[in-house]
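Asker: sequence and predicted structure are below.
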Amino acid sequence: MTDSNNHQPTTRICGCDADTITLRGKDLVDEVIGSYSLTGAFLLQALGSEPTAKQCELLDAVMVTIMEHGLMPSVIATRLTLAGAPESLQGAVAAGLLGVGDRYGGTAGKCGELGERLVGAKEMSQEAAAIVAEHRARREPLPGFGHPIHSGRDPRVDKLLAMLPENSPALHAMKALELALSEVLGKPLVMNVSAALAALMMEAQVPANIMRGVVLIARTAGLVGHALEEMQQPAGDALWHAAQAAVPYSE
């Protein structure tokens, strides 16, 4: 932020001197360490207000859900990078994070943007229909709906949505989109885990523009676990040779 009097940029997140470290007005040693989980400390640091137990519960569920998804491209990138540069754990994890995007890693942030638009609309069902129409006109899939593996109900969705109160605006927003899309298609197309994760993050007051950051935090933990397994039980060479076999050279 910028002080209005002298235009000097300042931060309200953290500061330190020789004896103290202050995080959002709290003494890190006396008030934060041992009193906050990582999730709670993140909410405090990012949002600047005392997190509730419900916020922490919802964000914990989000990060546990999205932390691990098998040998997907980001994991393969981490393992192959570590195989080539075993001294660079940070490089291997960073390589995996670079592959977290709209196709692999989820579209929760985009779902969150649509959810915020719906919650702010005068008439949610009409706005949902407009969103569906806009995506169809652009020939773009609606983020958060359909899944290449879970062709029916994504098994994670019901578990996550059950954590939301029945009057949750975020829950109503995602259900409005689901209904509007299904009506246009003439058949049910249910929400996938990205829409559910967005709903939980909205309920936890996480803005849509940092939802991908939450996904990255969770995926970082998952990639570190894969890196440790790669150190102990290397699979990088097998992945490399499998890629060579799957994609032969051809003139």
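Answerer: Structure received. Numbering: from 1, shown residues only.

Asker: any regions of the stretch 101-250 of the chain where pLDDT drops low?
Answerer: The model of the stretch 101-250 of the chain has pLDDT under 70 over residues 147-152.

Asker: tell me where it has helices.
Answerer: 108-119, 124-137, 155-161, 169-185, 193-203, 211-232, 236-246 (DSSP state H, counting those that start in this stretch).

Asker: so what does the longest one touch, helix or strand wise?
Answerer: So that's helix 211-232. helix 53-67, helix 73-84, helix 89-98, helix 108-119, helix 193-203 (3 or more CB pairs under 8 Å, 6 or more residues apart in numbering; DSSP states H and E). C-beta coordinates here come from the backbone N, C-alpha and C atoms, glycine included.

Asker: comparing those, which comes out most buried?
Answerer: When these are scored by mean count of other CB atoms under 10 Å, the highest mean neighbour count falls to helix 193-203 (a mean of 27).

Asker: for Ala170, find the nearest of the helices and strands packed on helix 211-232.
Answerer: helix 193-203 (3.7 Å; CB to CB).

Asker: got the angle for that closest one vs helix 53-67?
Answerer: 160 degrees (axes from the mean of the first three to the mean of the last three CA atoms, to 10 degrees).

Asker: so what does helix 193-203 touch, helix or strand wise?
Answerer: So helix 193-203, by 3+ CB pairs under 8 Å, 6+ apart, packs with helix 53-67, helix 108-119, helix 155-161, helix 169-185, helix 211-232.

Asker: and those as JSON lines, adding distance to Ala129?
Answerer: JSON lines is the format used below for these (distance: least, CB to CB, whole Å):
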{"stretch": "helix 53-67", "distance to Ala129": "28"}
{"stretch": "helix 108-119", "distance to Ala129": "11"}
{"stretch": "helix 155-161", "distance to Ala129": "22"}
{"stretch": "helix 169-185", "distance to Ala129": "5"}
{"stretch": "helix 211-232", "distance to Ala129": "24"}
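
Asker: that concludes my questions; thank you for your assistance.
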